[in-house]
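[1] Below are the sequence and a predicted model for it; my questions follow.
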Amino acid sequence: MTESFPVRRPSGCPFDPAQEYAAFRRTEAPAKVSTPAGVDAYVISRYDDVRTLLRDSRLSSRLAPSDHVVPDADLDREVESGSILQVDGAAHKRLRRMLATEFAVKRMEAMRPRIASMIEERIDAMLAGGGPVDLVQEFALPIPSLVICELLGVPYADRDEFQERSALLVRVDGWTDEIGRASDELNQYIVGLVLAKQAHREDDLLSRLITRGEDLGTPLSLEELVTVGVTLLIAGHETTANMIALSTLALLANPAQLDSLRADPSLAPAAVEELLRYLSVVHFGLFRYVTDDLPVGPLTIDAGGYLIAALSSANRDESVFDDPDRLDLERNAAAHLAFGFGPHQCIGQQLARVELQEVFTRLFARIPTLRLAVPFEKIDYRENTLVYGVTALPVTWDDPLPTAI
């Protein structure tokens, strides 16, 4: 029996994944679903299966991660040179090896003081203006935008050049002329940026990639550098911005959990891992192409077939996480799959962790009375985008407030 791929979160709790996943996990064989892309695919919903299959070389990542929910997506288009999300094998290893140094734990930790300073500055700006404010526009979006701009060497004054366009490019409700223009314009912007870096190297990621490729004797082409730049620019702020806003909402909706974080800010690292598990903002999972016959439980998925690794379902698997539908900041959730798994596991995960840890160490300490400025039921959600989140998060607070920590 073929069902429709679930694309909606339940109306009862906006933090929960699509309700069909719980039933999928109870069946021994993966569920076969029809997708908006116009093909059938098998949903891998159990934690152990998702973890195992995402490192299987018989799966290709040549499809965009959410192609399955894009109506009539072109599944036969060529992979862009330099697309770390989609290239496989030796080409992927080459790109990842060049980028790994940039996102190593030591380098990300070295950025922590600067990230903390950015967060304090944004909190100061919010407090100076007074509430209510939209936390998305005034805090959740600016923080990762500032960070990724500084990392890539993008002038922050140019942030409007990519924020509006990237918001269009993560939509999954079909290709339009507007999205096509946004893609072309963002690519042209990054082309100009890369050409400038090639002419005058600075202390930023793109400049170091150019130099590293030359030093290794395998320089990255202009096309590769542009694709890497676009990918990092979009992924580097869209995912973290939505995690900041949605996590804040989840904490406000769970006051006992928020109280525990306020009482013990050292809980922030564990809290971040649990929020990543609980929210799973890459909510449509990862689309993969099967290159060779692949046994999954009692079935064999034939070569040429399609598979969806449902990350949000795996992160709610009852066999791995006790009472998985409950937010528990003291849970050991480090084994979650919010960043994927295997060779294509998110290369920027350590940067995201540092940003989120600093946000939730500081935001509620600086603004302990932070609360929603509208009823919870009035919040709107980004259902039709690659990354799940809220469209706006109106918040307010009481005075007086403590100074920076």
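    Everything's here; your move.
[2] From A365, how far off is D203?
    Per C-beta to C-beta, to the nearest Å, D203 is found 32 Å from A365. Bear in mind the C-beta positions are built from the backbone N, C-alpha and C, glycine included.
[3] can you pull the contacts of the nearest residue to D292 once chain neighbours are set aside?
    Leaving out its chain neighbours, the residue that sits closest to D292 by C-beta to C-beta, 6 or more residues apart in numbering is R58, at 4.4 Å. By C-beta atoms under 8 Å, 6 or more residues apart in numbering, the contact list for R58 reads V290, T291, D292, D293, L294.
[4] Now with 7 Å, please.
    V290, T291, D292, L294 (C-beta atoms under 7 Å, 6 or more residues apart in numbering).
[5] need these in JSON lines with pLDDT, can you?
    JSON lines is the format used below for the contacts of R58 (pLDDT from 0 to 100):
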{"residue": "V290", "pLDDT": "97"}
{"residue": "T291", "pLDDT": "97"}
{"residue": "D292", "pLDDT": "97"}
{"residue": "L294", "pLDDT": "96"}
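[6] Filter these down to the buried ones and hand me the ChimeraX line.
    Selecting only the buried entries of the contacts of R58 in ChimeraX, with 16 or more other C-beta atoms under 10 Å as the criterion:
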select :290,291,294
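[7] Take the contacts of R58 and lay them out in JSON lines including secondary structure.
    Listed next are the contacts of R58 as JSON lines, based on DSSP: H, G, I helix; E, B strand; the rest coil:
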{"residue": "V290", "secondary structure": "strand"}
{"residue": "T291", "secondary structure": "coil"}
{"residue": "D292", "secondary structure": "coil"}
{"residue": "L294", "secondary structure": "strand"}
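[8] In this structure, where's the longest helix?
    Assignment by DSSP state H gives helix 222-252 as the longest helix of the chain.
[9] Which strands and helices lie in contact with the next helix or strand along the chain from that one?
    Next along the chain after helix 222-252, taking DSSP states H and E as the criterion, comes helix 255-263. Here helix 255-263 touches helix 222-252, helix 349-366, going by 3 or more C-beta pairs under 7 Å, 6 or more residues apart in numbering; DSSP states H and E.
[10] As TSV, the ones you listed with mean neighbour count, mean pLDDT and distance to A333 would be great.
    Shown next, in TSV, are the helices and strands packed on helix 255-263 (neighbours: other C-beta atoms under 10 Å; pLDDT from 0 to 100; distance: least, C-beta to C-beta, whole Å):
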stretch	mean neighbour count	mean pLDDT	distance to A333
helix 222-252	23	92	13
helix 349-366	22	96	12
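[11] can I get the ones you listed in TSV with distance to A23?
    As requested, the helices and strands packed on helix 255-263 are exported to TSV (distance: least, C-beta to C-beta, whole Å):
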stretch	distance to A23
helix 222-252	24
helix 349-366	30
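[12] number of nearby residues for the nearest residue to P368 once chain neighbours are set aside?
    Nearest non-adjacent residue to P368, counting by C-beta to C-beta, 6+ apart: R262, 6.2 Å away. R262: 14 surrounding residues under other C-beta atoms under 10 Å.
[13] swap in S34?
    14.
[14] repeat for I210
    Neighbourhood size, I210 [other C-beta under 10 Å]: 18.
[15] State the three-state secondary structure for it.
    Following three-state DSSP, the label given to I210 is helix.
[16] Tell me which residues of stretch 295-303 come out buried.
    V296, I301.
[17] and it, how far apart are its ends?
    Length of stretch 295-303, first residue to last, C-alpha to C-alpha, to the nearest Å: 11 Å.
[18] Give me the contacts around that stretch.
    E28, A29, P30, Y42, I44, D49, V290, T291, D292, D293, L294, L307.
[19] hang on, the earlier thing: how confident is the prediction for the residue nearest to P368, by pLDDT?
    For R262, the pLDDT comes out at 93.
[20] and it, how far is that from G131?
    Going from R262 to G131 by C-beta to C-beta gives 18 Å.
[21] L299 now?
    From L299 across to G131, the span is 54 Å (C-beta to C-beta).
[22] Spatially nearest residue to S145, not counting backbone neighbours?
    H237 (4.8 Å).
[23] which ones are touching that neighbour?
    Shown in contact with H237 (C-beta under 7 Å, 6+ apart): P144, S145, I148.
[24] and if you look at L95?
    G82, I84, V87.
[25] from those residues, which is closest to E120?
    For the contacts of L95, the closest approach to E120 (C-beta to C-beta) belongs to I84, at 32.1 Å.
[26] what's the closest non-adjacent residue to the one residue sitting closest to the centre of the chain?
    Geometric centre of the chain, nearest residue: T239, 3.3 Å, by C-alpha atoms, centre = their mean. In space, and not counting its chain neighbours, T239 is closest to V387: 5.3 Å by C-beta to C-beta, 6+ apart.
[27] show me what contacts the one you found?
    V387 sits next to V170, E238, T239, N242, V281, V282 when contact means C-beta under 7 Å, 6+ apart.
[28] again, 6 Å this time
    Listed by C-beta atoms under 6 Å, 6 or more residues apart in numbering, the contact set of V387 reads V170, E238, T239, N242, V281.
[29] can you tell me which of those residues lies nearest to L53?
    Taking the contacts of V387 together and measuring to L53 by C-beta to C-beta, the closest member is V281, at 21.0 Å.
[30] For the stretch 151-300 of the chain, give me the ranges with low pLDDT.
    Residues of the stretch 151-300 of the chain that meet the criterion pLDDT under 70 lie in 162, 168-170, 172-176.
[31] give me that answer again for 80
    Residues of the stretch 151-300 of the chain meeting the criterion pLDDT under 80: 156-180, 182-183.
[32] Give me the helices and strands touching the strand or helix carrying K197, please.
    Using DSSP H and E, K197 maps to helix 177-199. On a contact count with 3 or more C-beta pairs under 6 Å, 6 or more residues apart in numbering; DSSP states H and E, helix 177-199 meets helix 159-169, helix 205-216, helix 222-252.
[33] just to revisit the earlier point, next, the residue nearest to D292: phi, psi?
    phi -80, psi 0 (degrees, to the nearest 10).
[34] ditto for V133
    Taking degrees, to the nearest 10 as the convention, V133 sits at phi -140, psi 160.
[35] which residues does it form a beta bridge with?
    Taking DSSP bridges as the rule, V133 bridges to V395.
[36] Pull up the gap between it and A392, please.
    From V133 to A392 the distance is 10 Å (C-beta to C-beta).
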